[in-house]
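Colleague: When you get a sec, could you give me coordinates for this:
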Amino acid sequence: MNDASPLIDAQQQFIDALSASTTDSETCRLSEALGRTLTSDVLAPTDMPPYHRAIVEGWLVNSADTQGAAEGEPINIDIVGDVIPGDEHCPTPGTGEALRVATGSIVIDGPVAVIRPWEGKEKENCVAIERPFPPRFFIEEQGCDLKQGATAVSTGTVLGAAEIGTIASLGIDEVAVARAPKVTLFSSGDEVVPYTDALKPGSIRDSNSIMLATAVTAAGGIPLIAGIQRDDFDKFVAAVQQALTNSDMIVISGGTAVAGRNFISDLLSAVGELIIDGVPMRSGRPLIMGKAGDTPIVCVAGHPPEALRGFNLFGVAALNQLMGRKVDLPQDSQQNPPPPPSK
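Modeller: As a prediction, this is how the structure comes out:
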C-alpha cells in the first residue's frame with residue numbers, strides 16, 4: 001500500500017486549518033541562537049566583503065604590464081612592497097611594479113591582477129611571468145557576496161552553524177527569533193503507569209511522555225509533561241481545557257477508542273474542532289488532529305514507535321507552523337527505509 005498521498009494530504013489539510021499566526025518574537029544572543037527561527041530578515045549593514053581583496057597569495061600587478069608575455073619570452077616586473085592581511089591600505093603599483101599580497105589582502109580598484117605563485121618566478125625582487133593576465137584576475141570584489149542592505153538570512157530560517165557564521169561575519173550579535181512554543185503532553189489510558197513504576201499484570205509503562213518531550217525539544221519547542229489521564233471523559237476534557245490556558249500546542253498519546261467510543265475524536269470536538277479523524281494509511285487510525293482556537297492538538301498512537309512517528313509527521317509540522325519556519329512538510333522515513341547493509 002502506498003501511504004504517501006493520503007499522508008501528505010492529511011498533513012496539508014491539518015496545516016491549512018491552523019492559524020497563520022505564530023508565536024511572539026523575542027531577541028536572542030547569537031551564541032544561543034542555534035535551532036531558533038528568525039522572525040525578521042537579517043540585512044547586511046555593509047558590503048560583504050567590505051573591500052576588494054586577493055583570493056590567493058602572489059603578486060599584484062598592473063594588467064597592462066603583463067601584455068606581451070609569452071612562454072619563452074618572460075616579462076620581469078619589479079617587486080616594490082608587500083600588502084598583508086590587516087593592512088588598511090593598498091598602494092597603487094606604478095608601471096612595471098608589483099606588490100606581494102597574501103590571501104585576503106586588501107587591493108585597489110582598477111585594472112590590476114593577482115599573479116598566482118605557480119605562474120611567476122621571483123628572483124632578486126623581480127617576478128618573471130610568461131603569460132598575460134586580465135584585469136581583476138583572482139580578485140574578490142567588494143560586495144560580491146552581499147551588497148549593503150541585502151538580505152543575508154531570511155525570515156523563517158532555522159538557524160544552523162552556517163547561518164550563525166554568516167550573521168557573525170556581519171558584526172551582528174542579536175537576532176529576532178520566534179518564542180519556543182510550549183507543548184503540553186498527555187498520556188492516556190487506565191492501564192498506563194509512570195515509567196519508573198513496577199509493572200503489574202495488564203499495566204503499561206508510560207515511555208511516551210519522556211520520549212515525546214525529547215522530540216518536542218529537538219523540534220524547537222518547550223515540553224510540559226502533564227502526566228497520565230485516565231479514561232474519564234469529563235476529567236480529561238477539563239484537563240485539556242486547563243492546559244490550553246498555558247500552551248501553544250497539545251499532544252495526546254493513546255486513548256483513541258475506549259469501550260467502543262471514539263474517545264479522542266469526541267474529546268477534540270468537545271474542546272475545539274476536529275480536523276483529521278484518522279489517516280487512510282497503515283497505523284493511521286490513531287492519528288487524530290484538531291485545534292482549540294489557535295492551538296493545535298495532535299493525537300498519536302499509544303504504541304511508542306507509532307507515537308513518535310505520528311509526532312514527527314504532524315507534531316513537528318504544527319511546531320514549524322507555530323514558529324513560522326520556511327521548511328517542507330516532514331517526511332515519513334517508513335516510506336523510504338534505508339537500504340539493507342551490503343554483504
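Colleague: Break this structure down into its structural domains.
Modeller: What automatic domain parsing lists as the domains of the chain is 4-24+179-322, 25-47+146-178, 53-140.
Colleague: And those, which one averages the lowest pLDDT?
Modeller: Ranked by mean pLDDT, the domains of the chain bottom out at domain 4-24+179-322, with a mean of 92.
Colleague: how far is it from where the chain is centred?
Modeller: Distance of domain 4-24+179-322 from the chain centroid (C-alpha atoms, centre = their mean, to the nearest Å) equals 24 Å.
Colleague: just to revisit the earlier point, what's the most buried one of the domains of the chain?
Modeller: domain 4-24+179-322 (a mean of 19; mean count of other C-beta atoms under 10 Å). To be clear about C-beta, it is placed using only N, CA and C from the backbone, and glycine gets the same treatment.
Colleague: picking that back up, now distance to D328 too, for the domains of the chain, in a markdown table please.
Modeller: Output for the domains of the chain, formatted as a markdown table (distance: least, C-beta to C-beta, whole Å):
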| stretch | distance to D328 |
| --- | --- |
| domain 4-24+179-322 | 9 |
| domain 25-47+146-178 | 12 |
| domain 53-140 | 34 |
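Colleague: Which one, of those, ends up nearest to Q331?
Modeller: With distances scored as C-beta to C-beta, the stretch of the domains of the chain nearest to Q331 is domain 4-24+179-322 (8.2 Å).
Colleague: quick one: the strands in the stretch 1-150 of the chain?
Modeller: Along the stretch 1-150 of the chain, the segments classed as strands by DSSP state E, counting those that start in this stretch run 25-29, 42-43, 53-54, 58-62, 75-83, 97-101, 112-115, 120-123, 126-129, 139-140.
Colleague: To A17, which of those strands lies closest?
Modeller: Taking those one by one with C-beta to C-beta, strand 25-29 is closest: 23.8 Å.
Colleague: For the closest one, what is the distance to the chain centroid?
Modeller: Centroid displacement of strand 25-29 relative to its chain, using C-alpha atoms, centre = their mean, is 16 Å.
Colleague: partners of that strand in the sheet?
Modeller: According to DSSP bridges, strand 25-29 forms sheet pairs with strand 174-178 (antiparallel).
Colleague: List the contacts of stretch 275-289.
Modeller: 1, 3, 6-7, 10, 13-14, 17, 254, 256, 262, 264-265, 268, 274, 290-291, 296-303, 306, 309-310, 313-314 (C-beta atoms under 8 Å, 6 or more residues apart in numbering).
Colleague: coming back round to it: tell me which of the strands of the stretch 1-150 of the chain sits nearest to A178.
Modeller: For the strands of the stretch 1-150 of the chain, proximity to A178 was assessed by C-beta to C-beta; strand 25-29 is nearest, at 6.4 Å.
Colleague: Dump that closest one to PDB, keeping only the CA atoms.
Modeller: Output in PDB follows, covering the C-alpha atoms of strand 25-29 (Å, rounded to 0.1, in the frame of the first residue of the first chain):
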ATOM      1  CA  SER A  25       9.100  37.300  18.600                       C
ATOM      2  CA  GLU A  26      12.000  37.700  21.100                       C
ATOM      3  CA  THR A  27      15.600  38.800  21.000                       C
ATOM      4  CA  CYS A  28      18.300  36.200  21.200                       C
ATOM      5  CA  ARG A  29      22.100  36.400  21.500                       C
END
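Colleague: the helices in this protein, which residues?
Modeller: Ranges of helices in the chain, per DSSP state H, are 4-17, 161-169, 208-218, 233-243, 263-271, 304-310, 316-322.
Colleague: okay if I get those helices as TSV plus distance to R282?
Modeller: Shown next, in TSV, are those (distance: least, C-beta to C-beta, whole Å):
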stretch	distance to R282
helix 4-17	10
helix 161-169	37
helix 208-218	20
helix 233-243	27
helix 263-271	19
helix 304-310	10
helix 316-322	19
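Colleague: closest one to R179 among those helices?
Modeller: Closest of these to R179 is helix 316-322, at 9.2 Å (criterion: C-beta to C-beta).
Colleague: tell me what that closest one is packed against?
Modeller: helix 4-17, strand 249-253, strand 295-300 (3 or more C-beta pairs under 8 Å, 6 or more residues apart in numbering; DSSP states H and E).
Colleague: For that helix, report the contacting residues that lie outside it.
Modeller: The set of residues external to helix 316-322 that reach it, using C-beta under 8 Å, 6+ apart, is 11, 14-15, 18, 22-23, 178, 181, 183, 215-216, 219-221, 248-249, 296, 298, 327, 329-330.
Colleague: now do 6 Å
Modeller: Outside helix 316-322, the residues within contact range by C-beta atoms under 6 Å, 6 or more residues apart in numbering are 11, 15, 18, 22-23, 181, 219-221, 248-249, 296, 298, 327, 329-330.
Colleague: now, the most widely separated pair of these?
Modeller: Q11 and T23 (20.3 Å).
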